[in-house]
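> Provided below are the primary sequence and the corresponding predicted coordinates.
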Amino acid sequence: MYTGTVSQKGKKYYIRTFGCQMNERDSETIAGILVGLGYERAASEKTADLIIFNTCCVRETAERKAYGRLNALKRLKRKNPALLIGVGGCMAQKDRERVLSSAAHVDFVFGTHNIQELPEILQEAIMAREPIVQVWEEARGIKELPSQRAKGVSAYVTITHGCTNYCSYCIVPYVRGRELSRRPEDIISEVGQLMGKGYREITLLGQNVNTYGRDLGGNFTFARLLRDINGVAGLQRLRYTTSHPRDFSPAIIEAVRDCDKVCEHFHLPLQAGSNLILKKMNRGYTREEYLQLIGKVRELVPDSSITTDIIVGFPGETEEDFAATLDMIRRVRFDNAFTFIFSPRSGTPAADMPGQVPLAIKKERLNRLMTLQDRISRDKNEKLRGKEVEVLVEGTSKKREDILTGRTRTNKLVLFTGTREIIGKMVQVKITRPQTWNLYGELI
Ligand code: SAH
Ligand code: SF4
Ligand code: F3S
């Protein structure tokens, strides 16, 4: 149990999370600290005594969303001046001054390395008249903290913090610091504890999980970690995100093949299909190497799904470069792709590169890419029509209580009619109506 310095018994908190799974996991830690201080979860911002925004700055749209939402809190603060508002996460780490100047109603700003100091920050914020700012430039080691996890069958477990890859477009290394691996024994014992609490699926998190262990000074690798966690009693499914194609070693593919709990889903962000652009992105692989990796994955784990991330409109991207991306999409035939318009992030090398692509061209390329990928996704899902798949039931559909949702081992969303009692169970579902984004089926 966390013993903080201020007791806020009975007070209510609300956390709004933007960005990636790493941020969602951090929000669980923030919640854990707050509960340790006596706070309870509020159902909405309206009923909260403390609101924390855990922000993202990976693209401009993420920042715009956070500032927009933050602005909307002004009204709540006017009605209830005792309301405390805090901003943390990547945007706070990057632009603390901008947060304070554009949102005068913010009481405290804390960086990505300062979550552990929340009890002190809160205490100061309650007393002070001026906003409190606590942003360390660098991580000071890894501290094991309490957490208040999302309920369900699936839990996130962080294995590495930060990123040291410096892809030229990406802000993450600047706001999350260098890559730091948690100790394997801490990770494995956490997975064991989560099994005791009823979780059945674990997703290991890191910006590049494939380089796990490099900073630990031994020879403990990601492949070894997968094999060790695979042996934890009670675990049914093991996932991980995100991988880096450069570091996805044959030993990792073999571990996926050998470990029965590790799911047959490979998320391998390609980013671009042209070698020139890949080089400018500082990705560390060529299209040929990427295709080789895909070949190896399909050879060793034949029934797997493969998904990716693509950025269109990187500086200097010509029509020919873009055609090379489309060509890769056709060759690999991904199950799904997350597609993004290049967003210049100040402080990253790509933001100042010559040949910035006009927005209209970026949008037009994105559309062509999405049209092609949607067709492939639909074709791939169509192949599952009439097939039986193993589904871990996660919950009910947002819109309808009688529709259950779950995922295949290949990470495809399946919807089917059923009763709540089977939530958390592994069931067999026959796919009757495959669509582009999800699969409708019937319980067998
Ligand atoms: N560490 C992960 C996640 C990084 S952020 C990884 O490397 O895959 C998730 C995705 O956002 C990236 O894969 C990339 O496709 C996209 N992205 C990152 N920076 C971006 C930028 N400046 N503009 C557009 N997309 C970006
Ligand atoms: Fe960003 Fe590259 Fe690190 Fe991913 S691997 S977080 S894209 S720098
Ligand atoms: Fe965004 Fe930070 Fe994640 S910038 S994508 S929340 S690491």
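Good, I have the coordinates. Numbers count the residues shown, from 1 in each chain. Ligands and ions are numbered 1, 2, ... in the order given.
> Could I get the contacting residues of the residue of the stretch 251-400 of the chain found nearest ligand 3?
When scored by C-beta to the nearest ligand atom, the stretch 251-400 of the chain has Arg345 as its residue closest to ligand 3, at 9.0 Å. For the C-beta atoms, the positions are set from N, CA and C on the backbone; glycine is no exception. Shown in contact with Arg345 (C-beta atoms under 8 Å, 6 or more residues apart in numbering): Cys57, Val58, Arg59, Glu60, Tyr169, Cys170, Ile171, Ala351.
> Next, work out how far apart the last one and Glu317 are.
Taking C-beta to C-beta, to the nearest Å as the measure, Ala351 falls 15 Å from Glu317.
> Then Leu205?
30 Å.
> Have a look at the two and say which one is more surrounded.
Set Leu205 next to Glu317 and count neighbours by other C-beta atoms under 10 Å: Glu317 wins out with 25 against 22.
> Let me know the secondary structure of the more buried one.
Following DSSP: H, G, I helix; E, B strand; the rest coil, we place Glu317 in the coil state.
> quick one, what contacts it?
Ala272, Ser274, Ile277, Phe342, Gly355, Val357, Arg365.
> Any chance of a PyMOL selection covering the buried ones in the residues you listed?
Buried members of the contacts of Glu317 can be picked out in PyMOL with the line below, counting by 16 or more other C-beta atoms under 10 Å:
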select buried, resi 272+274+277+342+357+365
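> Listing partners with orientation, what would you give for the one helix or strand Thr405 maps to?
Per DSSP states H and E: Thr405 is located in strand 403-407. Note on strand 403-407: by DSSP bridges, its sheet partners are strand 388-396 (antiparallel), strand 413-417 (antiparallel).
> out of those, which comes closest to ligand 1?
Nearest of the strands paired with strand 403-407 (C-beta to the nearest ligand atom): strand 413-417, 19.7 Å.
> Alpha carbons of the closest one, in CSV - could you do that?
This file holds the C-alpha atoms of strand 413-417, laid out as CSV (Å, rounded to 0.1, in the frame of the first residue of the first chain):
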residue,chain,number,x,y,z
LEU,A,413,-12.3,-8.2,-33.0
VAL,A,414,-15.2,-10.6,-33.0
LEU,A,415,-18.8,-9.8,-32.1
PHE,A,416,-21.5,-12.3,-31.3
THR,A,417,-24.6,-12.8,-29.3
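> Show me what the helix or strand that that strand is followed by is packed up against.
Proceeding N to C from strand 413-417, the next assigned helix or strand is strand 426-434, under DSSP H and E. If contacts are counted by 3 or more C-beta pairs under 8 Å, 6 or more residues apart in numbering; DSSP states H and E, strand 426-434 sits against helix 359-382, strand 388-396, strand 413-417, strand 438-443.
> Tell me the residue of the stretch 301-444 of the chain that sits nearest ligand 2?
Per C-beta to the nearest ligand atom, Asp309 is where the stretch 301-444 of the chain lies closest to ligand 2, at 8.1 Å.
> That residue: how many residues sit nearby?
14.
> Adding mean neighbour count, distance to Asn336 and mean pLDDT, write the strands paired with strand 403-407 out as CSV.
Converted to CSV, these look like this (neighbours: other C-beta atoms under 10 Å; distance: least, C-beta to C-beta, whole Å; pLDDT from 0 to 100):
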stretch, mean neighbour count, distance to Asn336, mean pLDDT
strand 388-396, 19, 16, 95
strand 413-417, 19, 10, 97
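> Phe322: which of those strands is closest?
strand 413-417 (29.3 Å; C-beta to C-beta).
> and the angle for the closest one with strand 426-434?
Strand 413-417 runs at 90 degrees relative to strand 426-434, counting by axes from the mean of the first three to the mean of the last three C-alpha atoms, to 10 degrees.
> What are the contacting residues of strand 413-417?
Defining contact as C-beta under 8 Å, 6+ apart, one finds that strand 413-417 is touched by 389, 391, 397, 402-408, 429, 431, 437-443.
> for the stretch 1-150 of the chain, which spans come out with low pLDDT?
Counting by pLDDT under 70, the stretch 1-150 of the chain has low-confidence residues at 1-7.
> do that again at 90, thanks
Where the stretch 1-150 of the chain drops to pLDDT under 90, the residues are 1-10, 102-104, 128-129, 138-145, 150.
> Name the nearest residue to the closest residue to ligand 3 within the chain, ignoring sequence neighbours.
Residue of the chain nearest ligand 3, by C-beta to the nearest ligand atom: Gly19 (2.7 Å). With C-beta to C-beta, 6 or more residues apart in numbering as the measure, Cys56 is the residue that lies nearest to Gly19, at 2.7 Å, once sequence neighbours are left out.
> Also Asp95?
Cys57 is the one closest to Asp95 (C-beta to C-beta, 6+ apart), at 7.4 Å.
> same check, this time on Ile132
Ile132's closest residue in space is Phe108 (C-beta to C-beta, 6+ apart), at 4.2 Å.
> beta partners for that neighbour?
Going by DSSP bridges, Phe108 forms beta bridges with Gly86, Ile132.
> so what's it up against?
Leu84, Ile85, Gly86, Val87, Ile121, Leu122, Glu124, Ala125, Pro131, Ile132, Val133, Gln134.
> swap the cut-off to 10 Å and go again
By C-beta atoms under 10 Å, 6 or more residues apart in numbering, Phe108 lies in contact with 50, 52, 84-88, 92, 100, 118, 121-122, 124-126, 128, 131-134.
> Up against ligand 3, what does the stretch 1-150 of the chain have?
Gly19, Cys20, Met22, Asn23, Cys56, Cys57, Val58, Gly89, Cys90 (C-beta under 6 Å from any ligand atom).
> quick one: which of the residues you listed is nearest His267?
Cys20 (12.1 Å).
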